[in-house]
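A.B. asks: Pasting the sequence and the predicted coordinates here, then a few questions.
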Amino acid sequence: MHSKTLRELATEIGADLVGDGDVVVSSVNTLQDARPGQLSFLANPKYEKDLESTQASGVIVAANSKFDRVPTLRAKDPQLTYQRAVLALHGPRRHPHMGVHPQAFVDATASVGEGTVIYPGAYVGPQVRIGRDCVLFAGVIVYERCAIGDRVVIHGGSVIGADGFGYATSAGVHHKIPQVGNVVIEDDVEIGANCTIDRAALGSTTVGKGSKIDNLVTLGHNVRTGPGCIIVAQAGVAGSTTLGHHVVLGGQAGIAGHIELGDGVMAAAQCGVTNSVEAGQIVIGSPHLPIREGRRAYALVRELPELLKRIKDLEREVEKLKTK
Amino acid sequence: MHSKTLRELATEIGADLVGDGDVVVSSVNTLQDARPGQLSFLANPKYEKDLESTQASGVIVAANSKFDRVPTLRAKDPQLTYQRAVLALHGPRRHPHMGVHPQAFVDATASVGEGTVIYPGAYVGPQVRIGRDCVLFAGVIVYERCAIGDRVVIHGGSVIGADGFGYATSAGVHHKIPQVGNVVIEDDVEIGANCTIDRAALGSTTVGKGSKIDNLVTLGHNVRTGPGCIIVAQAGVAGSTTLGHHVVLGGQAGIAGHIELGDGVMAAAQCGVTNSVEAGQIVIGSPHLPIREGRRAYALVRELPELLKRIKDLEREVEKLKTK
Amino acid sequence: MHSKTLRELATEIGADLVGDGDVVVSSVNTLQDARPGQLSFLANPKYEKDLESTQASGVIVAANSKFDRVPTLRAKDPQLTYQRAVLALHGPRRHPHMGVHPQAFVDATASVGEGTVIYPGAYVGPQVRIGRDCVLFAGVIVYERCAIGDRVVIHGGSVIGADGFGYATSAGVHHKIPQVGNVVIEDDVEIGANCTIDRAALGSTTVGKGSKIDNLVTLGHNVRTGPGCIIVAQAGVAGSTTLGHHVVLGGQAGIAGHIELGDGVMAAAQCGVTNSVEAGQIVIGSPHLPIREGRRAYALVRELPELLKRIKDLEREVEKLKTK
């Protein structure tokens, strides 16, 4: 941790200082838990009530905030400014070793770029190419011939390039179709813990530049994601499906195989997407519906007992009218 | 395995013996599969029909059971009594080695309490503290600065303390927010295989004392669970959500971020909990509903074709009435 | 890769050649990506449009196809024929080493059959038996006393035989029930990456001969699957449930405990199966319904706003009729 005055920090992270710039902070914390000497932030309006009681020595707020009980750093994008403040005060992770740890396994035919850190227990198979400044945490497994770009981070236990799930079934026997493709992870991707990204049957399964993947996500063979996608924990994408750029999949979302999700599509948590979705759409539910239609429809499920009652009332009324 | 007479066993596990106490048993088995010399039990009424045909030499039953074809051990809580019998006859797991296995990696700055067993291929990062009498099975990964209490068991491949999923997105680029917190696992917790429990963005992600977590579960950054929680396989809890004590999450349940589940809440398998839930409630479905309301509503989905027919009939009747 | 004439290949894989048999191919590719010198195939009618533009030197098609712009290999079962062609041209995976890699851990009391390959970082516990010609990829963990047949393939990070999730709860404390059974994996099973197959409480959890399991699947204690089952990624089966032969579970499907799915049952992606299902049935949705009933019912959820409108119209009409 690095101690800085709010004035130094404001300059470094590009924020406007309001209040005493000589105040020193050395770490960040939530509004609720911050103690004197710590910097806090308001990114989620849900926590606005904590502003009045916070003991933080400084708070990052939106440019138009009225809060001034303690010194503030004001910015148009408080979350990005907070991100810079964390980096400025805490620095990036300090790895306990450099390069390939002796208890990792890297095949003699694999190549590992400069600045890349590979933790104990990781496995890198034959002819794998890994770029510069990557981090493979403990237990990461990369099968043969996969290609990983620069500045890629893969968390513990994730498996890159295991065989896609492909069999030719005949007379009740499932004959394995060799999966002769690979996985390509582009630059600046981060992959969470215990994910599985399968190698292509033919060609490449691809994760686009700058995409971020949470824990326990699975991407089937020949899935391709555009750049900048966000895939939340436990989501799954079946084989040969294509995601455009900046697609967002919520937690536990399931995406069928052989379809396309256009640029910027957002699929809500737990939704089940069974057909292609046009760029820019937000879909919810299983099977998925466009958000407006889905919200109205799924909300009415809750009203079904009431709807049934209204139908019964109508039946009674109509019966009465008929016998009049 | 240890051979014991039913009389010895009854004393040891606190059950009432009915029948021949000299009968010797040396292991436990299901009613269906038990052979002479084995002890069995009836915990789930579903298997009551197997009582008459069982070849077990003794059976643990409820205190008020009428079954007496073979000697019985009677107890108010047959499942707990069965648990004691398994321990008495089979003993706890015998580990193939003591302490830290040479093929595990434990950072020089980590501390490991007495009696703790760490299997080959496990990874324990810098400044991790692990208490006494814990077991970390093969492939368990504990990132830097996490803290694990006493008698904690973590099964193969689980990852404790990987980075939470936090980015500040600006102009389409996802900037990683360093996750500077840690994970705290309290005493007597058991965690299944291939789980992922993320380190906090700030502060600690916490698993409360005596909580039990099944396989492939994910807890996001800054999740806190109270003591005694039960989280079934493939459930996921998003960031900053708080679970009270003895909360139960069914398999594949998904819990949104930044909400609270009160003490004793039960969320059914596959449910999707999007808002805070008061203590003691049982919720089902996605989006979740209180169980009574949810059961009626979701049951009516099945009746929708019938409801549609009734609406059509009404429309026809009303049309007739109008033209009369 | 092996170069072969289409004539040689037709004989080897049992297809009928139509066109120039002297054409040489050396690898397979999709219709869209194939270049001259490559063989392609049409298995999914969705890609039929790519036939006209493909640059492949030969294409595997159905026996009755009219396509003849390039030489074809015709077969009754084009997918199986494609599978054979991939094997014939690409061969099976070439492992970078034979036998047990020195960076794997195999307990001295375990037995490993001839031809079995165990990758670095795998763990095989005490008294495990592994048959011939198996492959355990990096990071696979097999707990004590489990039994694995011949030609079994287990992908990276999967955990076989961790403890089932069983506790006796008394006065708010969850007392662990020792899981004294094991896991039996029969011949010709393939298991994807990061799966968890729990050891039985008593007896064996069993995966039937020739079953194929995708990534991140969990099978609870005492689950038994028949032969030839297909379990797609992220599906989960709770304890003591039995699957007949050739049961298919879609991605993210959840199957309750203590039930039976008959032979050939198909449970759709994301469905939640809460009761036993008769042989041959196809079920969808959560809670599951037979496919015909389920399709009609779940489709009407989308129509609920329209149904509500029709009920309101009826109420208005009836009100009018009453005041007439």
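C.D. replies: Structure received.
A.B. asks: C-alpha coordinates for stretch A:229-249, PDB please?
C.D. replies: Provided in PDB are the C-alpha atoms of stretch A:229-249 (Å, rounded to 0.1, in the frame of the first residue of the first chain):
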ATOM      1  CA  CYS A 229     -18.100  -9.900 -23.800                       C
ATOM      2  CA  ILE A 230     -19.000 -10.400 -20.100                       C
ATOM      3  CA  ILE A 231     -20.000 -13.900 -19.100                       C
ATOM      4  CA  VAL A 232     -21.200 -14.300 -15.500                       C
ATOM      5  CA  ALA A 233     -20.600 -17.300 -13.300                       C
ATOM      6  CA  GLN A 234     -22.100 -20.700 -14.200                       C
ATOM      7  CA  ALA A 235     -23.400 -19.600 -17.600                       C
ATOM      8  CA  GLY A 236     -23.000 -22.000 -20.500                       C
ATOM      9  CA  VAL A 237     -22.800 -21.700 -24.200                       C
ATOM     10  CA  ALA A 238     -23.300 -24.800 -26.400                       C
ATOM     11  CA  GLY A 239     -21.300 -25.600 -29.400                       C
ATOM     12  CA  SER A 240     -20.900 -23.500 -32.500                       C
ATOM     13  CA  THR A 241     -22.700 -20.500 -31.100                       C
ATOM     14  CA  THR A 242     -21.400 -17.100 -32.000                       C
ATOM     15  CA  LEU A 243     -21.500 -14.100 -29.700                       C
ATOM     16  CA  GLY A 244     -21.100 -10.600 -31.100                       C
ATOM     17  CA  HIS A 245     -19.000  -7.900 -29.400                       C
ATOM     18  CA  HIS A 246     -19.900  -6.800 -25.800                       C
ATOM     19  CA  VAL A 247     -22.500  -9.500 -25.300                       C
ATOM     20  CA  VAL A 248     -23.500  -9.900 -21.700                       C
ATOM     21  CA  LEU A 249     -24.600 -13.300 -20.300                       C
END
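A.B. asks: Off-centre distance for that stretch?
C.D. replies: 10 Å (C-alpha atoms, centre = their mean, to the nearest Å).
A.B. asks: Pull up the residues of the stretch 201-324 of chain A that are close to chain C.
C.D. replies: Residues of the stretch 201-324 of chain A lying near chain C by C-beta under 8 Å from any C-beta of the partner chain: A:202-203, A:216, A:218, A:220, A:234, A:236, A:238, A:252, A:254, A:256, A:258, A:272, A:286-287, A:289, A:293, A:296-298, A:300-301, A:303-304, A:307, A:310-311, A:314, A:317-318, A:321. Quick note: C-beta positions are derived from backbone N, CA and C, even for glycine.
A.B. asks: Of these, keep whichever come out buried.
C.D. replies: Those of these that meet the buried threshold are A:202-203, A:216, A:218, A:220, A:234, A:236, A:238, A:252, A:254, A:256, A:272, A:286-287, A:289, A:297-298, A:300-301, A:304, A:307, A:310-311, A:314, A:317-318, A:321, by 16 or more other C-beta atoms under 10 Å in any protein chain shown.
A.B. asks: In helices only, show me those.
C.D. replies: Among those, DSSP state H puts A:297-298, A:300-301, A:304, A:307, A:310-311, A:314, A:317-318, A:321 in helices.
A.B. asks: Just to check, A:N29 is in contact with B:G203?
C.D. replies: Yes - counting by C-beta atoms under 8 Å, A:N29 does reach B:G203; the two are 7.2 Å apart.
A.B. asks: the helices in the stretch 1-150 of chain A, which residues?
C.D. replies: A:6-13, A:78-90 (DSSP state H, counting those that start in this stretch).
A.B. asks: Tell me which of those is the most buried.
C.D. replies: helix A:78-90 (a mean of 22; mean count of other C-beta atoms under 10 Å in any protein chain shown).
A.B. asks: Now do it against helix A:6-13, angle only.
C.D. replies: Between helix A:78-90 and helix A:6-13, the angle comes out at 110 degrees (axes from the mean of the first three to the mean of the last three C-alpha atoms, to 10 degrees).
A.B. asks: and helix A:78-90, what does it pack onto?
C.D. replies: Packing partners of helix A:78-90 (3 or more C-beta pairs under 8 Å, 6 or more residues apart in numbering or on different chains; DSSP states H and E): helix A:6-13, strand A:27-28, strand A:38-41, strand A:58-62, strand A:72-75, strand B:167-170, strand B:173-176.
A.B. asks: average pLDDT across the last one?
C.D. replies: Think strand B:173-176. The average pLDDT for strand B:173-176 rounds to 98.
A.B. asks: Let me know the next secondary structure element after it.
C.D. replies: strand B:182-185 (DSSP states H and E).
A.B. asks: Not counting its own residues, what contacts that following strand?
C.D. replies: Around strand B:182-185, the neighbours that count as contacts under C-beta atoms under 8 Å, 6 or more residues apart in numbering or on different chains are B:143-149, B:152, B:154, B:160-161, B:191, B:197-200, B:204-207.
A.B. asks: Give the partner strands of that strand in its sheet and their orientations.
C.D. replies: strand B:147-148 (parallel), strand B:204-207 (parallel) (DSSP bridges).
A.B. asks: Distance to chain B and pLDDT added to the ones in helices among the buried ones among the residues of the stretch 201-324 of chain A next to chain C, as TSV?
C.D. replies: Shown next, in TSV, are these (distance: C-beta to the nearest C-beta, whole Å; pLDDT from 0 to 100):
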residue	distance to chain B	pLDDT
A:A297	11	94
A:Y298	7	91
A:L300	9	94
A:V301	5	94
A:L304	4	95
A:L307	7	94
A:R310	10	95
A:I311	5	95
A:L314	5	94
A:E317	9	92
A:V318	5	92
A:L321	5	92
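A.B. asks: Quick check: the two most widely separated of those?
C.D. replies: A:Y298 and A:L321 (34.2 Å; C-beta to C-beta).
A.B. asks: In contact with the residue of the stretch 201-324 of chain A found nearest chain C, which residues?
C.D. replies: Scanning the stretch 201-324 of chain A for the residue nearest chain C gives A:L300, at 3.8 Å (criterion: C-beta to the nearest C-beta). Each residue near A:L300 by C-beta under 8 Å, 6+ apart is listed here: A:307, C:301, C:304-305, C:307-308.
A.B. asks: still on that earlier bit, sort out for me which of the contacts of strand B:182-185 are in strands.
C.D. replies: The strands, defined by DSSP state E, take in B:147-148, B:154, B:160, B:191, B:197, B:204-207 from those.
A.B. asks: Most distant residue from the centre of chain A?
C.D. replies: For chain A, the largest distance from the centre (C-alpha atoms, centre = their mean) belongs to A:K324, which lies 64.8 Å off.
A.B. asks: Just the local confidence number for it, please.
C.D. replies: pLDDT, A:K324: 77.
A.B. asks: Repeat that for A:T274.
C.D. replies: Confidence score, pLDDT, at A:T274: 96.
A.B. asks: In the stretch 201-324 of chain A, mark out all the strands, start to finish.
C.D. replies: Secondary structure of the stretch 201-324 of chain A by DSSP state E, counting those that start in this stretch: the strands cover A:204-207, A:212-213, A:218-219, A:224-225, A:230-231, A:236-237, A:242-243, A:248-249, A:254-255, A:260-261, A:266-267, A:272-273, A:282-284, A:289-290.
A.B. asks: and among the ones you listed, the most buried is which?
C.D. replies: The stretch of the strands of the stretch 201-324 of chain A with the highest mean neighbour count (mean count of other C-beta under 10 Å) is strand A:218-219, at a mean of 32.
A.B. asks: Quickly run through the sheet partners of that one, with directions.
C.D. replies: Paired strands of strand A:218-219, defined by DSSP bridges, are strand A:196-197 (parallel), strand A:236-237 (parallel).
A.B. asks: would you turn these into JSON lines with mean pLDDT?
C.D. replies: Shown next, in JSON lines, are those (pLDDT from 0 to 100):
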{"stretch": "strand A:196-197", "mean pLDDT": "98"}
{"stretch": "strand A:236-237", "mean pLDDT": "98"}
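A.B. asks: Can you pull the residues of the stretch 51-200 of chain A lying near chain B?
C.D. replies: Going by C-beta under 8 Å from any C-beta, the residues of the stretch 51-200 of chain A near chain B are A:77, A:79-80, A:82-83, A:86-87, A:90-93, A:96, A:101, A:103, A:119-121, A:137-139, A:155-157, A:190, A:192-194.
A.B. asks: All set now, cheers.
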